[in-house]
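J.: for reference, the sequence and a predicted model appear below.
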Amino acid sequence: MLGFVIQRLLQAAVVMAVMSAVVFVGVYAIGNPIEIIIPPEATQEIREATIKRFGLDLPLWEQYFIFVTNLLQGDFGRSFIYNVPVLELIAGRLPATLELVLISVVTATLLGVGLGVYAGYRPESLIARGIMAVSVLGFSVPSFWVGLILILIFAVNLGWLPAGGRGEVVSFLGVDWSFLTPDGLSHIFLPALNLAFFKLAMMIRLARAGTREIMLTDTIKFARAAGIPERQILTQHLLKLISIPIITVFGLELGSTLAFAVVTETIFSWPGVGKLIIDSITVLDRPVMVAYLILTALLFVLINLTVDLVFALIDPRIRARGA
């Protein structure tokens with residue numbers, strides 16, 4: 001097991017090293033932030049001083065070397081626009097994105113697996129057909145359209161829920177959370193529903209396919225022949241056998257939703273990291289853009305590493321192959 005862990009950690013380190021170079025070169029090759037930071041009426045002396053202060057007069061390789069050196073010390077630099085440390089800026093927006101993503105992905109997974117297992121266990125029932133129709137709809141419509149329709153129905157026409165914002169927050173463990181207040185819950189309901197819709201459809205189809213496949217295996221036939229109750233077969237045998245693909249998709253969807261909840265946060269004016277990166281791209285705030293992409297890559301690497309370790313604990317064959 002130790003060799004398996006060391007191998008995965010080395011792979012993660014190589015991936016992060018390559019991603020840091022790709023992200024840095026890619027972002028710093030886009031535009032010139034000085035044209036946005038400095039007003040047109042600024043003198044040449046002010047322009048040169050500003051360029052030197054941000055280190056933009058140095059060769060790209062030297063800028064990258066300084067960036068990596070600071071990065072290894074936990075310093076992602078300072079925002080060009082907000083003039084605060086980038087990590088501090090992202091950390092201030094992260095709780096809003098984190099609670100939105102966790103609520104949507106966890107809800108979609110729990111509900112989707114349950115509905116998918118039922119649809120696979122009773123495929124000919126009317127309820128199962130309705131469940132599959134919902135999953136088809138979830139795959140067919142774009143998320144921005146769903147968000148606009150949700151706002152139109154529940155916020156504009158019915159007036160039941162707010163159209164945007166985060167609402168009232170309460171501090172817990174030094175962090176502001178909105179889902180702990182009734183007003184915050186009313187604000188998070190629509191964006192969480194919008195984010196969860198596609199994930200729900202994916203989990204339904206994944207769980208249904210896995211259920212249909214497993215129910216035809218000898219394992220289930222032998223369990224039934226042994227007189228094991230159907231409820232026990234579903235909870236102890238079926239769910240364990242379909243758990244590996246579900247865990248994989250859950251980890252990847254959690255990471256992708258955290259990284260790319262941009263559309264939902266923009267539509268619902270949710271003050272999270274996604275909206276921050278859109279604003280940073282607009283004004284070419286390079287340190288924020290680089291830090292966001294590096295942290296996103298790190299997030300996916302950590303999630304994949306965690307999923308691999310969970311697989312190794314569930315299935316010893318995976319651990320043996322990776323040793």
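T.: Happy to help now that I have it. Numbering: from 1, shown residues only.
J.: which residues are in contact with Leu150?
T.: Counting by C-beta atoms under 8 Å, 6 or more residues apart in numbering, Leu150 touches 190, 193-194. Backbone N, C-alpha and C define where each C-beta goes, glycine included.
J.: sorry, wrong one. I was asking about Ser186.
T.: Neighbour list for Ser186: 161-162, 167 [criterion: C-beta under 8 Å, 6+ apart].
J.: out of the residues you listed, which one has the weakest pLDDT?
T.: Lowest in pLDDT among the contacts of Ser186 is Gly167, which has 79.
J.: which strand or helix spans it?
T.: Under the criterion DSSP states H and E, no helix or strand holds Gly167.
J.: how about it, nearest residue that isn't a chain neighbour?
T.: Take Gly167 and drop its neighbours on the chain: the residue closest to it by C-beta to C-beta, 6 or more residues apart in numbering is His187, 3.4 Å away.
J.: residue contacts, Gly116?
T.: Contact partners of Gly116, counting by C-beta under 8 Å, 6+ apart, are 131, 203-211.
J.: give me that answer again for 7 Å
T.: The contact partners of Gly116, taken as C-beta atoms under 7 Å, 6 or more residues apart in numbering, are 203-208, 211.
J.: can you report how many residues neighbour the residue nearest to Gly167?
T.: His187 has 26 neighbours, counted by other C-beta atoms under 10 Å.
J.: cool, the one 4 residues further on as well?
T.: The number of residues packed around Pro191, counting by other C-beta under 10 Å, is 27.
J.: tell me, please, where in the stretch 1-150 of the chain the pLDDT is lower than the cut-off.
T.: For the stretch 1-150 of the chain, the stretches flagged by pLDDT under 70 are 1-5, 29-42.
J.: one more pass at 80, please.
T.: Scanning the stretch 1-150 of the chain for pLDDT under 80 picks out 1-9, 11-12, 20, 23-63, 71-77, 80-81, 83, 139.
J.: any buried residues in stretch 292-306, and which?
T.: Residues of stretch 292-306 classed as buried by neighbour count (16 or more other C-beta atoms under 10 Å): 292-297, 300-301, 303-305.
J.: so which of those residues are in strands?
T.: Using DSSP state E, no member of these falls within strands.
J.: just give me the closest of those to Ile247.
T.: Nearest to Ile247 among the buried residues of stretch 292-306, counting by C-beta to C-beta, is Ile303 at 10.6 Å.
J.: shouldn't that closest one be in contact with Glu253?
T.: No - using C-beta atoms under 7 Å, Ile303 is not in contact with Glu253, being 9.7 Å away.
J.: can I get the contacts of Leu150 in a markdown table with secondary structure?
T.: Formatted as a markdown table, the contacts of Leu150 follow (DSSP: H, G, I helix; E, B strand; the rest coil):
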| residue | secondary structure |
| --- | --- |
| Leu190 | helix |
| Leu193 | helix |
| Asn194 | helix |
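J.: and these, which is closest to Leu56?
T.: Distance to Leu56, by C-beta to C-beta, is smallest for Asn194 among those, at 39.0 Å.
J.: domain map for the chain?
T.: Taking automatic domain parsing as the reference, the chain has its domains at 1-81+283-323, 93-274.
J.: picking up where we left off before, need the contacts of Gly116 in CSV (columns: pLDDT).
T.: Formatted as CSV, the contacts of Gly116 follow (pLDDT from 0 to 100):
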residue, pLDDT
Met203, 87
Ile204, 88
Arg205, 87
Leu206, 86
Ala207, 86
Arg208, 88
Thr211, 82
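J.: show me which pair in those is furthest apart.
T.: Based on C-beta to C-beta, the longest span within those runs between Met203 and Thr211 and measures 12.0 Å.
J.: between these two, which has more neighbouring residues?
T.: Per other C-beta under 10 Å, whichever of Met203 and Thr211 has more neighbours is Met203, with 27 against 24.
J.: can you pull the contacts of the more buried one?
T.: Counting by C-beta under 7 Å, 6+ apart, Met203 makes contact with 108-109, 112-113, 116.
J.: all strands for the stretch 51-200 of the chain, in order.
T.: Residue ranges of the strands in the stretch 51-200 of the chain, as given by DSSP state E, counting those that start in this stretch, are 170-172, 175-177.
J.: starting at the chain centroid, how far to the last one?
T.: Averaging C-alpha coordinates over strand 175-177 and over its chain gives two centres that are 19 Å apart (C-alpha atoms, centre = their mean, to the nearest Å).
J.: for stretch 207-222, same thing?
T.: Computed by C-alpha atoms, centre = their mean, the chain-centroid distance of stretch 207-222 equals 30 Å.
J.: ditto for stretch 196-203
T.: Remark: stretch 196-203 is offset 14 Å from the chain centroid, using C-alpha atoms, centre = their mean.
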